[in-house]
Structure formats: structure tokens, C-alpha cells
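Undergrad: Based on what follows, work out the 3D shape:
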Amino acid sequence: MKVCEITGKTAVVGNNVSHSNRKTKRKFSPNLKTKRFWSEEEGRWITLKVSTSGIKTINKKGLAVALKEAAAAQKVY
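TA: The predicted model follows:
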């Protein structure tokens, strides 16, 4: 399924709009990449399917903090 494992981004629905202003449904998929991250705490590689904004979040906060926040956000629902 196309869901970012860090930010939780999913596909959203919108319209294709033609020159004559006809509207047909379309899907906007998140920009997902499969990326390996090195975990210092566990001493191993972790493979995640993340959006590019999720990669920026991991680079800014660190892998451990980002995974902890993502797990806490999923428990809320």
C-alpha cells in the first residue's frame, strides 16, 4: 500500500481538468522511496518506505526519534 511509514501520507483524490474545463477523477500519489537507514541503537540497517518529506524529517530529528514519534502517532488512531 502507498503509505509513508514516518509521516503517514497516503494518496489523495482530485480532478484532471481539461482545456474545456471538463473534470475527471484522478489520484495524487505520495512521493515514496524505499530507503535503508542505519540504526546506531540496533546496529543494523532498517528499510523503510518513506516519502521525501519523511526522509527530511529523519535527517533533521534522527532515525530513533522519528520512528518513536511515528509509532506514537499511529497509536492515537
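Undergrad: From here on, just use CA atoms for contacts and neighbour counts.
TA: OK.
Undergrad: What is the burial count for Arg26?
TA: Other residues lying near Arg26 total 12 when counted by other C-alpha atoms under 10 Å.
Undergrad: So it, which state does it fall into?
TA: In the three-state summary, Arg26 is assigned as strand, counting by DSSP: H, G, I helix; E, B strand; the rest coil.
Undergrad: and it, what does it touch?
TA: Arg26 sits next to Val13, Gly14, Asn15, Asn16 when contact means C-alpha atoms under 8 Å, 6 or more residues apart in numbering.
Undergrad: ok, it to Lys61 distance?
TA: Distance of Arg26 to Lys61, given as C-alpha to C-alpha, to the nearest Å: 34 Å.
Undergrad: wait, which of the contacts of Arg26 is closest to Glu5?
TA: For those, the residue nearest Glu5 by C-alpha to C-alpha is Val13; the value is 20.0 Å.
Undergrad: Can you say which helix or strand has the closest one in it?
TA: strand 12-17 (DSSP states H and E).
Undergrad: Using CSV, list the CA coordinates for that strand.
TA: Coordinates of the C-alpha atoms in strand 12-17 are reproduced here as CSV (Å, rounded to 0.1, in the frame of the first residue of the first chain):
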residue,chain,number,x,y,z
VAL,A,12,-5.5,11.8,-2.2
VAL,A,13,-8.2,12.3,-4.9
GLY,A,14,-8.6,15.2,-7.1
ASN,A,15,-9.6,16.2,-10.7
ASN,A,16,-7.9,16.3,-14.1
VAL,A,17,-9.1,19.5,-15.6
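Undergrad: Alright, I will stop here.
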